[in-house]
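Peer 1: give me a model of this one.
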Amino acid sequence: MITRHGPPEVLKVEERPDPEPGPGEVRVRVHAAGINFADTMARVGMYPDAPKPPCVVGYEVAGEVDKTGEGVDDVAVGDRVFGGCRFGGYAELAVTAAENVVPLPDDWSFEEGASLPVVYATAYAALLRYGSLRADESVLIQAAAGGVGIAATQIARLAGAGTIYGTASASKHDAIRGFGVDHPIDYRSADFVEEVRRIAGEKEPIDIALDAVGGQSFRRSWSLLRPGGRLVCYGASAVASGERRNLLAAGRTLIGTPWFNPLRMMPVSKSVIGLNMLTLWDSKGSLDEFIEPLTEWVQGGKLRPVVSEAFPLERGADAHRFIQERKNVGKVVLTV
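Peer 2: Next comes the predicted model:
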(Lines give C-alpha, C1' and ligand atoms only; values in the text may rest on other atoms or scores of the structure.)
Protein backbone atom coordinates (compact mmCIF):
# COMPACT_ATOMS: atom_id res chain seq x y z
CA MET A 1 0.00 0.00 0.00
CA ILE A 2 1.03 3.59 -0.59
CA THR A 3 -0.19 4.72 2.81
CA ARG A 4 0.49 8.40 2.13
CA HIS A 5 2.62 10.48 -0.22
CA GLY A 6 6.26 10.49 0.76
CA PRO A 7 9.58 8.60 0.72
CA PRO A 8 9.83 4.85 -0.01
CA GLU A 9 9.04 3.98 3.61
CA VAL A 10 5.39 4.99 3.12
CA LEU A 11 4.99 1.65 1.29
CA LYS A 12 3.54 -0.81 3.82
CA VAL A 13 2.20 -4.34 3.57
CA GLU A 14 -1.38 -4.35 4.86
CA GLU A 15 -4.33 -6.72 4.81
CA ARG A 16 -7.31 -5.82 2.66
CA PRO A 17 -10.37 -7.80 1.52
CA ASP A 18 -9.74 -10.12 -1.41
CA PRO A 19 -10.84 -8.53 -4.72
CA GLU A 20 -13.55 -10.41 -6.61
CA PRO A 21 -13.61 -10.72 -10.41
CA GLY A 22 -16.67 -9.32 -12.13
CA PRO A 23 -18.11 -10.34 -15.50
CA GLY A 24 -15.37 -10.71 -18.08
CA GLU A 25 -12.63 -10.51 -15.44
CA VAL A 26 -10.10 -12.89 -13.94
CA ARG A 27 -8.34 -12.92 -10.60
CA VAL A 28 -4.64 -13.68 -10.68
CA ARG A 29 -2.69 -15.11 -7.78
CA VAL A 30 0.32 -12.90 -8.22
CA HIS A 31 3.85 -14.29 -8.12
CA ALA A 32 5.57 -11.21 -9.52
CA ALA A 33 4.52 -7.58 -10.09
CA GLY A 34 6.37 -5.10 -12.26
CA ILE A 35 7.44 -1.70 -10.95
CA ASN A 36 7.35 1.31 -13.25
CA PHE A 37 8.77 4.78 -12.76
CA ALA A 38 5.19 6.04 -12.71
CA ASP A 39 4.71 4.08 -9.47
CA THR A 40 7.48 6.04 -7.79
CA MET A 41 5.91 9.28 -9.01
CA ALA A 42 2.55 8.14 -7.64
CA ARG A 43 4.19 7.50 -4.30
CA VAL A 44 5.52 11.05 -4.01
CA GLY A 45 2.25 12.53 -5.25
CA MET A 46 3.32 13.60 -8.74
CA TYR A 47 1.33 11.18 -10.88
CA PRO A 48 -2.16 12.63 -11.42
CA ASP A 49 -3.63 9.43 -12.89
CA ALA A 50 -2.90 7.38 -9.76
CA PRO A 51 -5.57 6.79 -7.10
CA LYS A 52 -5.31 8.80 -3.90
CA PRO A 53 -3.62 7.14 -0.93
CA PRO A 54 -4.11 4.81 0.72
CA CYS A 55 -3.96 2.79 -2.49
CA VAL A 56 -2.35 -0.14 -4.25
CA VAL A 57 -0.51 0.62 -7.48
CA GLY A 58 1.10 -1.68 -10.02
CA TYR A 59 0.24 -2.04 -13.70
CA GLU A 60 1.53 -5.52 -14.55
CA VAL A 61 1.57 -8.95 -12.97
CA ALA A 62 2.42 -12.56 -13.64
CA GLY A 63 1.00 -15.55 -11.82
CA GLU A 64 -1.73 -18.17 -11.96
CA VAL A 65 -5.42 -17.61 -12.59
CA ASP A 66 -7.16 -18.07 -9.26
CA LYS A 67 -10.77 -17.33 -10.19
CA THR A 68 -12.76 -16.30 -13.24
CA GLY A 69 -15.80 -14.08 -13.57
CA GLU A 70 -18.99 -14.68 -15.49
CA GLY A 71 -18.58 -15.02 -19.23
CA VAL A 72 -14.87 -15.87 -19.22
CA ASP A 73 -14.25 -18.84 -21.50
CA ASP A 74 -10.73 -18.38 -22.91
CA VAL A 75 -8.92 -18.35 -19.57
CA ALA A 76 -9.14 -21.12 -16.96
CA VAL A 77 -8.26 -21.47 -13.29
CA GLY A 78 -4.65 -22.63 -13.00
CA ASP A 79 -3.42 -21.02 -16.23
CA ARG A 80 -0.01 -19.39 -15.99
CA VAL A 81 -0.46 -15.87 -17.32
CA PHE A 82 1.01 -12.40 -17.45
CA GLY A 83 -0.67 -9.15 -18.29
CA GLY A 84 -1.70 -5.66 -17.35
CA CYS A 85 -3.96 -4.47 -14.57
CA ARG A 86 -5.43 -1.03 -13.95
CA PHE A 87 -3.52 -0.57 -10.65
CA GLY A 88 -3.67 -3.14 -7.85
CA GLY A 89 -0.65 -5.17 -8.95
CA TYR A 90 1.38 -4.94 -5.72
CA ALA A 91 -0.71 -7.62 -4.04
CA GLU A 92 -1.23 -11.34 -3.54
CA LEU A 93 -4.36 -11.17 -5.68
CA ALA A 94 -5.08 -8.85 -8.61
CA VAL A 95 -8.18 -8.55 -10.78
CA THR A 96 -8.14 -7.51 -14.42
CA ALA A 97 -10.11 -8.03 -17.62
CA ALA A 98 -9.60 -11.48 -19.11
CA GLU A 99 -8.49 -9.88 -22.38
CA ASN A 100 -5.61 -8.22 -20.51
CA VAL A 101 -3.83 -11.51 -19.74
CA VAL A 102 -1.98 -13.86 -22.08
CA PRO A 103 -0.31 -17.25 -21.52
CA LEU A 104 3.12 -17.12 -19.93
CA PRO A 105 5.70 -18.96 -22.08
CA ASP A 106 6.68 -22.27 -20.49
CA ASP A 107 10.34 -21.34 -20.21
CA TRP A 108 9.72 -17.87 -18.74
CA SER A 109 9.85 -17.09 -15.03
CA PHE A 110 7.06 -15.11 -13.39
CA GLU A 111 9.56 -12.29 -12.92
CA GLU A 112 10.12 -12.16 -16.68
CA GLY A 113 6.38 -12.23 -17.33
CA ALA A 114 5.80 -9.26 -15.02
CA SER A 115 8.51 -7.36 -16.88
CA LEU A 116 6.85 -7.31 -20.30
CA PRO A 117 3.36 -5.75 -20.52
CA VAL A 118 3.84 -2.05 -19.85
CA VAL A 119 7.42 -1.41 -20.94
CA TYR A 120 7.25 -3.47 -24.13
CA ALA A 121 3.84 -2.08 -25.04
CA THR A 122 5.26 1.41 -24.50
CA ALA A 123 8.36 0.69 -26.57
CA TYR A 124 6.32 -0.84 -29.40
CA ALA A 125 3.86 2.07 -29.42
CA ALA A 126 6.65 4.64 -29.35
CA LEU A 127 8.81 3.08 -32.03
CA LEU A 128 6.51 1.28 -34.42
CA ARG A 129 2.88 2.29 -33.92
CA TYR A 130 3.36 6.05 -33.57
CA GLY A 131 7.06 6.57 -34.33
CA SER A 132 6.72 4.59 -37.60
CA LEU A 133 10.29 3.27 -37.47
CA ARG A 134 11.59 2.18 -40.86
CA ALA A 135 14.51 -0.11 -41.66
CA ASP A 136 17.93 1.52 -41.38
CA GLU A 137 16.64 4.62 -39.57
CA SER A 138 18.73 5.96 -36.70
CA VAL A 139 17.33 6.00 -33.18
CA LEU A 140 18.22 7.87 -29.99
CA ILE A 141 17.00 6.20 -26.80
CA GLN A 142 17.21 8.19 -23.59
CA ALA A 143 17.64 6.13 -20.39
CA ALA A 144 18.63 3.11 -22.45
CA ALA A 145 19.36 0.93 -19.40
CA GLY A 146 15.84 1.20 -17.99
CA GLY A 147 12.94 -1.12 -18.67
CA VAL A 148 11.51 0.82 -21.62
CA GLY A 149 14.99 1.67 -22.86
CA ILE A 150 16.04 -1.97 -23.10
CA ALA A 151 12.69 -2.97 -24.62
CA ALA A 152 13.03 -0.19 -27.21
CA THR A 153 16.56 -1.28 -28.06
CA GLN A 154 15.50 -4.88 -28.57
CA ILE A 155 12.46 -3.93 -30.67
CA ALA A 156 14.43 -1.41 -32.73
CA ARG A 157 17.00 -4.10 -33.55
CA LEU A 158 14.31 -6.64 -34.50
CA ALA A 159 12.60 -4.02 -36.67
CA GLY A 160 15.80 -3.37 -38.63
CA ALA A 161 16.87 -0.01 -37.22
CA GLY A 162 20.18 1.37 -38.38
CA THR A 163 22.36 3.11 -35.82
CA ILE A 164 21.13 3.13 -32.20
CA TYR A 165 22.41 5.71 -29.72
CA GLY A 166 21.60 5.25 -26.04
CA THR A 167 22.21 7.39 -22.97
CA ALA A 168 23.14 5.75 -19.67
CA SER A 169 25.71 6.10 -16.91
CA ALA A 170 29.14 4.73 -17.82
CA SER A 171 28.83 1.66 -15.58
CA LYS A 172 25.91 0.45 -17.71
CA HIS A 173 27.51 0.84 -21.13
CA ASP A 174 28.67 -2.76 -21.53
CA ALA A 175 25.18 -3.96 -20.68
CA ILE A 176 23.34 -1.75 -23.16
CA ARG A 177 25.85 -2.62 -25.88
CA GLY A 178 24.87 -6.23 -25.27
CA PHE A 179 21.22 -5.36 -25.82
CA GLY A 180 21.95 -3.69 -29.16
CA VAL A 181 23.01 -0.06 -28.57
CA ASP A 182 25.75 0.87 -31.04
CA HIS A 183 26.90 4.03 -29.29
CA PRO A 184 26.40 4.33 -25.51
CA ILE A 185 26.71 7.91 -24.24
CA ASP A 186 27.39 8.85 -20.63
CA TYR A 187 24.89 11.65 -20.00
CA ARG A 188 26.60 12.47 -16.70
CA SER A 189 30.00 13.33 -18.14
CA ALA A 190 29.25 14.32 -21.73
CA ASP A 191 26.79 16.47 -23.66
CA PHE A 192 24.72 13.87 -25.50
CA VAL A 193 23.90 16.30 -28.32
CA GLU A 194 27.57 17.01 -28.98
CA GLU A 195 28.45 13.31 -28.68
CA VAL A 196 25.80 12.18 -31.18
CA ARG A 197 26.92 14.85 -33.64
CA ARG A 198 30.58 13.93 -33.16
CA ILE A 199 29.94 10.23 -33.73
CA ALA A 200 27.59 10.70 -36.67
CA GLY A 201 29.50 13.55 -38.29
CA GLU A 202 26.18 15.31 -38.87
CA LYS A 203 24.29 18.07 -37.14
CA GLU A 204 20.92 16.32 -37.44
CA PRO A 205 21.49 12.55 -37.73
CA ILE A 206 18.49 11.13 -35.85
CA ASP A 207 15.20 9.82 -37.31
CA ILE A 208 13.47 8.90 -34.04
CA ALA A 209 14.23 10.06 -30.49
CA LEU A 210 12.53 8.45 -27.50
CA ASP A 211 12.61 10.73 -24.47
CA ALA A 212 11.03 10.23 -21.04
CA VAL A 213 13.36 12.63 -19.24
CA GLY A 214 11.48 15.83 -20.03
CA GLY A 215 12.36 19.48 -19.58
CA GLN A 216 15.32 20.68 -21.60
CA SER A 217 15.97 17.11 -22.73
CA PHE A 218 12.95 17.34 -25.06
CA ARG A 219 14.44 20.42 -26.74
CA ARG A 220 17.88 18.84 -27.05
CA SER A 221 16.57 15.57 -28.47
CA TRP A 222 14.51 17.58 -30.97
CA SER A 223 17.62 19.46 -32.10
CA LEU A 224 19.15 16.19 -33.34
CA LEU A 225 16.24 15.25 -35.61
CA ARG A 226 16.70 15.44 -39.35
CA PRO A 227 13.80 16.51 -41.60
CA GLY A 228 11.09 13.88 -41.21
CA GLY A 229 12.31 13.08 -37.72
CA ARG A 230 9.97 12.16 -34.85
CA LEU A 231 10.38 12.97 -31.16
CA VAL A 232 8.29 10.67 -28.94
CA CYS A 233 7.77 12.06 -25.44
CA TYR A 234 6.41 9.45 -23.05
CA GLY A 235 7.38 10.69 -19.59
CA ALA A 236 9.11 13.38 -17.58
CA SER A 237 11.29 11.71 -14.98
CA ALA A 238 13.13 14.97 -14.35
CA VAL A 239 10.14 16.33 -12.43
CA ALA A 240 10.68 13.70 -9.72
CA SER A 241 13.84 14.65 -7.87
CA GLY A 242 14.70 12.71 -4.73
CA GLU A 243 12.51 10.59 -2.50
CA ARG A 244 9.90 13.24 -1.74
CA ARG A 245 7.88 15.65 -3.82
CA ASN A 246 10.05 18.60 -4.78
CA LEU A 247 7.87 21.30 -6.28
CA LEU A 248 10.84 23.59 -6.92
CA ALA A 249 12.65 20.96 -8.98
CA ALA A 250 9.42 20.09 -10.78
CA GLY A 251 8.84 23.76 -11.51
CA ARG A 252 12.31 24.18 -12.98
CA THR A 253 11.72 21.18 -15.22
CA LEU A 254 8.37 22.48 -16.40
CA ILE A 255 9.79 25.93 -17.10
CA GLY A 256 12.51 24.30 -19.21
CA THR A 257 10.03 22.27 -21.23
CA PRO A 258 9.83 23.63 -24.78
CA TRP A 259 6.66 24.77 -26.53
CA PHE A 260 6.45 23.30 -30.00
CA ASN A 261 4.82 25.75 -32.41
CA PRO A 262 3.25 24.12 -35.52
CA LEU A 263 4.19 27.16 -37.61
CA ARG A 264 7.84 26.55 -36.77
CA MET A 265 7.58 22.77 -37.05
CA MET A 266 6.21 22.75 -40.58
CA PRO A 267 9.20 24.36 -42.33
CA VAL A 268 11.66 21.91 -40.71
CA SER A 269 9.26 18.96 -41.23
CA LYS A 270 9.72 17.42 -37.79
CA SER A 271 7.05 16.06 -35.48
CA VAL A 272 6.48 15.67 -31.75
CA ILE A 273 4.37 12.79 -30.45
CA GLY A 274 3.00 12.70 -26.91
CA LEU A 275 2.47 9.18 -25.58
CA ASN A 276 0.60 8.11 -22.44
CA MET A 277 -0.11 4.38 -22.30
CA LEU A 278 -2.70 4.72 -19.55
CA THR A 279 -4.74 7.09 -21.71
CA LEU A 280 -4.54 4.67 -24.64
CA TRP A 281 -5.40 1.76 -22.34
CA ASP A 282 -8.51 3.55 -21.11
CA SER A 283 -9.53 4.59 -24.62
CA LYS A 284 -8.99 1.21 -26.29
CA GLY A 285 -9.95 -1.01 -23.36
CA SER A 286 -6.73 -3.03 -23.39
CA LEU A 287 -3.10 -3.02 -24.48
CA ASP A 288 -3.66 -5.84 -26.99
CA GLU A 289 -2.97 -3.59 -29.95
CA PHE A 290 0.56 -3.04 -28.66
CA ILE A 291 1.32 -6.44 -27.10
CA GLU A 292 -0.17 -8.80 -29.69
CA PRO A 293 2.33 -7.78 -32.44
CA LEU A 294 5.17 -8.84 -30.14
CA THR A 295 3.86 -12.41 -29.85
CA GLU A 296 5.74 -13.75 -32.85
CA TRP A 297 9.05 -12.46 -31.53
CA VAL A 298 8.30 -13.82 -28.04
CA GLN A 299 7.28 -17.26 -29.30
CA GLY A 300 10.30 -17.36 -31.58
CA GLY A 301 12.64 -16.67 -28.68
CA LYS A 302 13.79 -13.38 -30.20
CA LEU A 303 12.33 -11.14 -27.51
CA ARG A 304 12.80 -11.68 -23.80
CA PRO A 305 12.61 -9.21 -20.92
CA VAL A 306 15.65 -8.34 -18.84
CA VAL A 307 15.07 -8.51 -15.09
CA SER A 308 17.44 -6.33 -13.12
CA GLU A 309 16.38 -7.20 -9.59
CA ALA A 310 13.54 -8.94 -7.76
CA PHE A 311 12.50 -7.79 -4.30
CA PRO A 312 10.02 -9.53 -1.99
CA LEU A 313 6.80 -7.59 -1.52
CA GLU A 314 7.85 -6.74 2.03
CA ARG A 315 10.85 -4.86 0.63
CA GLY A 316 8.82 -2.57 -1.60
CA ALA A 317 10.56 0.47 -0.14
CA ASP A 318 13.97 -0.93 -1.10
CA ALA A 319 12.72 -1.65 -4.61
CA HIS A 320 11.47 1.91 -5.12
CA ARG A 321 14.73 3.35 -3.77
CA PHE A 322 16.71 1.05 -6.10
CA ILE A 323 14.87 2.53 -9.08
CA GLN A 324 15.06 6.14 -7.93
CA GLU A 325 18.82 5.80 -7.42
CA ARG A 326 19.08 4.60 -11.06
CA LYS A 327 20.78 1.35 -10.05
CA ASN A 328 18.77 -0.91 -12.31
CA VAL A 329 19.73 -2.29 -15.69
CA GLY A 330 16.40 -3.65 -16.82
CA LYS A 331 13.16 -4.22 -14.98
CA VAL A 332 12.67 -4.22 -11.22
CA VAL A 333 9.90 -6.48 -9.90
CA LEU A 334 8.25 -7.43 -6.63
CA THR A 335 7.80 -11.11 -5.81
CA VAL A 336 4.94 -12.56 -3.78
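
Peer 1: would you map the strands across the chain?
Peer 2: Listed in chain order, the strands of the chain (DSSP state E) span 25-35, 60-68, 80-84, 93-97, 101-103, 139-141, 164-167, 183-185, 206-211, 225-233, 271-274, 307-312, 331-335.

Peer 1: for the second one, buried residues please.
Peer 2: Read it as strand 60-68. 60-63, 65-68 (16 or more other Cβ atoms under 10 Å). No exception for glycine: its C-beta is placed from N, CA and C like everyone else's.

Peer 1: tell me which residue of the protein is furthest from the middle?
Peer 2: Pro267 (32.4 Å; Cα atoms, centre = their mean).

Peer 1: for Val81, list the residues it contacts.
Peer 2: 26, 28, 62-65, 75, 101-104, 113 (Cβ atoms under 8 Å, 6 or more residues apart in numbering).

Peer 1: same check, this time on Ile141
Peer 2: Here Ile141 is in contact with 149, 152-153, 156, 164-167, 181, 210 (Cβ under 8 Å, 6+ apart).

Peer 1: same thing with Phe260?
Peer 2: Phe260 sits in contact with 222, 272, where contact means Cβ under 8 Å, 6+ apart.

Peer 1: hmm, try it at 10 Å
Peer 2: 218-219, 222, 231, 233, 270-272, 274 (Cβ atoms under 10 Å, 6 or more residues apart in numbering).

Peer 1: what's the most distant pair in the contacts of Ile141?
Peer 2: Taking Cβ to Cβ as the measure, the contacts of Ile141 span a maximum distance of 14.5 Å, between Ala156 and Thr167.

Peer 1: I figured Phe334 hits Val30, correct?
Peer 2: For the record, residue 334 is Leu, not Phe. Yes - with contact defined as Cβ atoms under 10 Å, Leu334 reaches Val30; the gap is 8.6 Å.

Peer 1: nearest residue to the middle of this protein?
Peer 2: Val119 (3.5 Å).

Peer 1: tell me the spacing between it and Phe37.
Peer 2: 10 Å (Cβ to Cβ, to the nearest Å).

Peer 1: excluding chain neighbours, what is closest to Tyr187?
Peer 2: Once flanking residues are discounted, Tyr187 sits nearest to Thr167: 4.3 Å by Cβ to Cβ, 6 or more residues apart in numbering.

Peer 1: so how far is Val139 from the one you found?
Peer 2: Distance, Thr167 to Val139, by Cβ to Cβ: 12 Å.

Peer 1: same thing with Leu116?
Peer 2: Using Cβ to Cβ, Leu116 is found at 20 Å from Val139.

Peer 1: repeat for Val95
Peer 2: Taken as Cβ to Cβ, the span from Val95 to Val139 is 37 Å.

Peer 1: so what's the residue nearest to Pro293 when sequence neighbours are not counted up against?
Peer 2: Excluding the flanking residues, the one nearest Pro293 by Cβ to Cβ, 6+ apart is Tyr124, at 6.4 Å. Applying Cβ under 10 Å, 6+ apart, we find Tyr124 in contact with 130-131, 133, 151-152, 155, 159, 287, 289-294, 297.

Peer 1: and the buried ones among the contacts of Phe260, selectable in ChimeraX?
Peer 2: A single ChimeraX command selects the buried members of the contacts of Phe260 (16+ other Cβ under 10 Å):
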select :218,219,222,231,233,270,271,272
